[in-house]
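Visitor: kindly return the folded structure for what I paste below:
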Amino acid sequence: MALLTFPRFPSHCNFSHSVSPTHRHRYRSMKPPATVAATGTAIVWFKTDLRTDDHPALLAAASSFPSLVPVYVFDCRILSRFSDETLELLLLALQELRNSLKDRGSDLFVRFGNAENVIHQLAREVEATCVFAEKEVDYDLRLVIDVVKERLSSVTVAQGTPRIELWQTPFYDIKDLKNLPASYNEFKKLRLPVTAPLQLSVSTLPAAEIELNWGVLPSYDDLKGFMTSNKRKSRENWSLTKETSAETILRRKVLKSGDSIERSSSFEQAQSRERNGSVFVTQKGNIVGGSTNNILNALAAYLRYLEGTARDDWQEVHEKVRASESRNGASFIRLFGPALSLGIISRRRVHYEAIKYEKERNAGFLSPFGYSAATIAAAVDAVCSMEWYWLLALSNQINNDGVYTTRIWKWKGFLIEYTVAGEDGPAILLVHGFGAFWKHYRDNIHGLAESGNRVWAISILGFGKSEKPNVVYTELLWAELLRDFIVDIVGEPVHLVGNSIGGYLVAIVARIWSDLIKSIVLINSAGNVIPRYSFIPLSTIQDRQTSGSSWLGSRILLLYLRLRIQELLKKCYPIRVERADDWLINEMLRASYDPGVLVVLESIFSFNLSIPINFLLEDVKEKVLIIQGMKDPISDSNSNVAMLKEYCDGVIIKELDAGHCPHDEMPEQVNAIICEWILGVESNILADCPV
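Guide: Below you'll find the predicted structure:
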C-alpha cells in the first residue's frame, strides 16, 4: 500500500510541495486533485491524531461524503501505554478537538470499550460506507485495526460492506517504501521533497444523517477508574509498578526505608488545573498541551527563545526551556514530545513553522551551513528524526523476510523494535549490549524457542533500529524501559538475559522489581563487585548534563568506531572470529549513521556503573546464572569470576572458552546452558507451589 491511499477516490492528502534541489525545504503551492463524491456516512476514527489542523483523512472525508461521524474510543489496550500526565493531556486534547469539531457543525462521538465493538455498532447504526483510520506501526495497534476491519466485514449497508481506509500525514514525498534505504546517510542523498501541512478548507463539516447520543468526555478520575476496572486481575499489582520511578525505589532500597512508595505522578486529584493563559495545562505543568493553537503558540515562543519577550505566556515557555535543557536540544522533546505523540500537532506542521521562522530571520534565505538558532535546529532535527524511524519501522514491516517477526512497540512516544518466537513455555527476554541490537541474538532466539520457551528480544532505546531521541540516556531509563516491556508486552514474569551493559540493566531490574523476574542470566556483564561497600553512589539527571568534553568525545569515538569496527568486533570473538561477519559489521555501521546516535554516545561519558553488582544481586542470588567468556578482551574475566564467587553466594557460574559475546560466538553451548538453567528454575517454582 502506498503511504497514503484512497483507492476509490483521490484525496487532498496525497499532494505534496516540492523543494529545491539542495533540499532546503522551500515550499511551493500545488493545487490538490479534485475529489470524487462518495455515498453514505464516513467514520473518522481518531486515535493519536487529535487535531483538525493538517488532518488529511478529515479533509478527504469532509470533501467526499455527505455524512460524517468523528469518533474516539477509550480503549484500555491503547490507554494503558500512557503515563498519568499523558492521560491528563489526552482528556484536554479531546475536549479541544470536540470544540473544534463543534465549531464546524460536527461533534466527537465518545465511547468506552474495545474499538472493534464500538465501531462495529456505530457503523451499523449510521450505515457507514467507510472508516478512516491512521496507519500504525505499533504492533498491538495494528492488531486492533485488523480486528476492526474483520468486524466491519459483517456489517452490510445499501452500498455494500464498509471499507477501512488507512491514511497518514506524509512528511516526505516518498513513493516507494519497499526500497527505502536502510541507512539514514543514503536516505538523505535522495533529497526527497518535504510536504506542506494542510488546512481544513471547509468551514462546515457534514453532519451525521441520524441523531446520535455523542457521549460525555470523562473526568480524569472516571478514566482511571475505567482503566483499573478493566485490568486483568493477575496484573493488578503490576499497574502500580510502572507508576514509581527506578530512582525513587532504588534510593529507598539504598536507605533501607520501610516507607510506602510514592507515586511518580505529582497529582492525586483528577481534574486538570486551569492556568490562565498558560500553555502548560497539566497538573505537573511540565509539558505543552491543550489545543493545536495552544501548541502552535508555545512553538512560536520556543523558536524565538533567543529574542526574549515581554509576553507572560512566552516567558513561561522560555523558563521551561531553560529548566528542560538537560543537554543541547533536549528541551524540545521534553516539552513537545507528548503533544506530538498524541497527534495534537503534526510533525510536518512543526517543520513548516520552524522553517518559516528561519526564513523570517534570514530575509527568506536558508543557509547551507545550518540554522540560525539552536531552538530551530532542535525542532527540525526532532521531527525529521521521528519521521525517519517511523518510515524505517514501516519499511521493515513491509519487507519482513519471514525468519524473524519484526514488531514495533511505542514506549513514551518512541518506537522500539523487538521480536518474539515460540508458542508456549516459560518467557525469556534477551537484552543486548552497548552498540548492539536484538538480532545480536540471531542464533539464540529460535534455539531457545525450539526448546519449549517463548522468547522476546528487544533493541533498547538508542540502539539498532529503535528510535534515538534527544534525551538523557541513563541506566535507570533503560531499566524502566525493560520493566514496562515486561508489563505491557510480555505480561508475565520472565527469565531475563543480558550481555555486557545489558547484563547490568538486567541486574538493576532484578534489584528494583524482583516480582517481574523468575531468574536472570548475566553474560559477560558490565559492572563490578565491590567488597564491603559503605555507600551506594546514585546520580540524578542533573549530574548527566552534556559537557564540552563529552560532546567532543562522542564525535571522536564515533569516527574511531566507524574506522575500526571490524577490528574491534573480531577481538570480541577470539575463538570463532568468523562470527564477527560482514552482516554484523554492516548492521552496526548502519546504526552509526542514524539521527541521534551522537546523543547516545555522549551518554557513555556520564554512565553510572558504580552501583556494585553484589548490591544489585543481593536479594536474588539464588536466581542468578553467570555465563562468562574467559577470553573477554574488555575485562579481566578471571578477576571478575573470583570476585563473584567470593562476594555473591548462591550464584551459579559457567565459564566458557569465548570472548565478550559468548551467546553469539558459541550459541549452541550458551543455548544449552540457558535451557538447562530455565528447566531447573521452573522445576523449583512448581515444587514450591502449593497443591
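Visitor: residue 666 and residue 576 touch, don't they?
Guide: Yes. Residue 666 lies in contact with residue 576 (Cβ atoms under 8 Å); the separation is 7.1 Å. Quick note: C-beta positions are derived from backbone N, CA and C, even for glycine.
Visitor: which neighbours do those two share?
Guide: Common contacts of residue 666 and residue 576 (Cβ atoms under 8 Å, 6 or more residues apart in numbering): residue 658.
Visitor: who has more neighbours, these two?
Guide: Per other Cβ atoms under 10 Å, whichever of residue 666 and residue 576 has more neighbours is residue 666, with 23 against 13.
Visitor: where does the stretch 101-250 of the chain dip in pLDDT?
Guide: 202, 231-239 (pLDDT under 70).
Visitor: in the helix or strand containing residue 96, what's buried?
Guide: Element membership for residue 96 (DSSP states H and E) is helix 84-103. Residues of helix 84-103 classed as buried by neighbour count (16 or more other Cβ atoms under 10 Å): 84-94, 96-98, 100-101.
Visitor: so which elements touch it?
Guide: Here helix 84-103 touches strand 67-74, helix 220-229, helix 292-303, helix 330-342, going by 3 or more Cβ pairs under 8 Å, 6 or more residues apart in numbering; DSSP states H and E.
Visitor: and the closest residue to residue 601 other than its chain neighbours, what's its pLDDT?
Guide: Leaving aside its sequence neighbours, residue 601 sits nearest to residue 554 (Cβ to Cβ, 6 or more residues apart in numbering; 3.9 Å). For residue 554, the model assigns a pLDDT of 89.
Visitor: before we move on, what about residue 306?
Guide: Residue 306 carries a pLDDT value of 92.
Visitor: check the gap between it and residue 132 for me.
Guide: The spacing between residue 306 and residue 132, counted by Cβ to Cβ, to the nearest Å, is 41 Å.
Visitor: of these two, who's got more company?
Guide: Per other Cβ under 10 Å, whichever of residue 306 and residue 132 has more neighbours is residue 132, with 26 against 12.
Visitor: what's the first helix or strand after the lowest-mean-pLDDT helix or strand in the chain?
Guide: Of the helices and strands making up the chain, the lowest-confidence element is helix 236-241, at a mean of 66, by mean pLDDT, DSSP states H and E. Downstream of helix 236-241, the first helix or strand assigned by DSSP H and E is helix 246-255.
Visitor: list the buried ones in that next one?
Guide: Here helix 246-255 shows 246, 247, 248, 249, 250, 252, 253 as buried, counting by 16+ other Cβ under 10 Å.
Visitor: cool, and stretch 652-663?
Guide: Neighbour counts over stretch 652-663 (16+ other Cβ under 10 Å) mark 652, 654, 656, 658, 659, 660, 661, 662, 663 as buried.
Visitor: first vs last residue of that stretch, how far apart are they?
Guide: Stretch 652-663 has its terminal residues 17 Å apart, counting by Cα to Cα, to the nearest Å.
Visitor: all helices of the stretch 501-650 of the chain, in order?
Guide: Here the stretch 501-650 of the chain has its helices, by DSSP state H, counting those that start in this stretch, at 501-512, 548-571, 582-591, 597-602, 613-616, 637-647.
Visitor: other residues contacting the shortest one?
Guide: Counting contacts by Cβ under 8 Å, 6+ apart, the residues outside helix 613-616 that touch it are 504, 507-508, 510-511, 525, 527-531, 533, 536, 644, 647-648.
Visitor: of these, closest to residue 199?
Guide: Of all the contacts of helix 613-616, residue 199 sits closest to residue 508, with 48.3 Å by Cβ to Cβ.
Visitor: the helix holding residue 96 vs strand 67-74, what angle?
Guide: Taking axes from the mean of the first three to the mean of the last three Cα atoms, to 10 degrees, one finds that helix 84-103 is oriented at 170 degrees with respect to strand 67-74.
Visitor: contact partners of helix 84-103?
Guide: Against helix 84-103 from outside (Cβ under 8 Å, 6+ apart): 46, 50-52, 70, 72, 79, 82, 107-108, 110, 205, 217-220, 223-224, 243, 263, 265, 267, 272, 281-284, 286-287, 289-292, 294, 338-339, 341-342, 344.
Visitor: tell me how far that helix is from the chain's mean position?
Guide: 22 Å (Cα atoms, centre = their mean, to the nearest Å).
Visitor: so after it, what's the next helix or strand?
Guide: In N-to-C order, the element after helix 84-103 by DSSP H and E is strand 109-112.
Visitor: for the stretch 501-650 of the chain, which spans come out with low pLDDT?
Guide: Applying pLDDT under 70 to the stretch 501-650 of the chain picks out residues 537, 539-546.
Visitor: quick one, strands of the stretch 101-250 of the chain?
Guide: Using DSSP state E, counting those that start in this stretch, the strands found in the stretch 101-250 of the chain span residues 109-112, 128-134, 163-167.
Visitor: got a markdown table for those strands, with distance to residue 684 too?
Guide: Output for the strands of the stretch 101-250 of the chain, formatted as a markdown table (distance: least, Cβ to Cβ, whole Å):
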| stretch | distance to residue 684 |
| --- | --- |
| strand 109-112 | 43 |
| strand 128-134 | 47 |
| strand 163-167 | 48 |
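Visitor: so of those, which one's packed in deepest?
Guide: Comparing the strands of the stretch 101-250 of the chain by mean neighbour count (mean count of other Cβ atoms under 10 Å), strand 128-134 ranks first with a mean of 24.
Visitor: using PDB, list the CA coordinates for that one.
Guide: Output of strand 128-134 as PDB, limited to C-alpha atoms (Å, rounded to 0.1, in the frame of the first residue of the first chain):
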ATOM      1  CA  ALA A 128     -21.300   3.800   7.300                       C
ATOM      2  CA  THR A 129     -19.600   3.000   4.000                       C
ATOM      3  CA  CYS A 130     -16.000   4.000   5.000                       C
ATOM      4  CA  VAL A 131     -14.000   4.100   8.200                       C
ATOM      5  CA  PHE A 132     -10.800   6.300   8.100                       C
ATOM      6  CA  ALA A 133      -8.000   5.100  10.500                       C
ATOM      7  CA  GLU A 134      -4.500   6.400  10.700                       C
END
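Visitor: how far out from the middle of the chain is that strand?
Guide: Distance, stretch centre to chain centre, for strand 128-134: 26 Å (Cα atoms, centre = their mean).
Visitor: just stretch 116-127 next, same as before
Guide: For stretch 116-127, the distance to the chain centre is 31 Å (Cα atoms, centre = their mean).
Visitor: and for stretch 406-424?
Guide: Remark: stretch 406-424 is offset 10 Å from the chain centroid, using Cα atoms, centre = their mean.
Visitor: with stretch 605-614 instead?
Guide: On Cα atoms, centre = their mean, the centre of stretch 605-614 falls 25 Å from that of its chain.
Visitor: got it, and stretch 375-389?
Guide: 15 Å.
Visitor: how about that stretch as PDB, C-alpha atoms only?
Guide: Output of stretch 375-389 as PDB, limited to C-alpha atoms (Å, rounded to 0.1, in the frame of the first residue of the first chain):
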ATOM      1  CA  THR A 375      15.800  26.000  19.000                       C
ATOM      2  CA  ILE A 376      15.100  25.900  15.300                       C
ATOM      3  CA  ALA A 377      17.700  23.200  14.800                       C
ATOM      4  CA  ALA A 378      16.200  21.200  17.800                       C
ATOM      5  CA  ALA A 379      12.700  21.300  16.400                       C
ATOM      6  CA  VAL A 380      13.700  20.400  12.800                       C
ATOM      7  CA  ASP A 381      16.100  17.700  13.900                       C
ATOM      8  CA  ALA A 382      13.500  16.200  16.200                       C
ATOM      9  CA  VAL A 383      10.600  15.900  13.700                       C
ATOM     10  CA  CYS A 384      12.900  14.700  10.900                       C
ATOM     11  CA  SER A 385      14.300  12.100  13.200                       C
ATOM     12  CA  MET A 386      10.900  10.900  14.300                       C
ATOM     13  CA  GLU A 387       9.800  10.600  10.600                       C
ATOM     14  CA  TRP A 388      12.900   8.600   9.700                       C
ATOM     15  CA  TYR A 389      12.300   6.000  12.400                       C
END
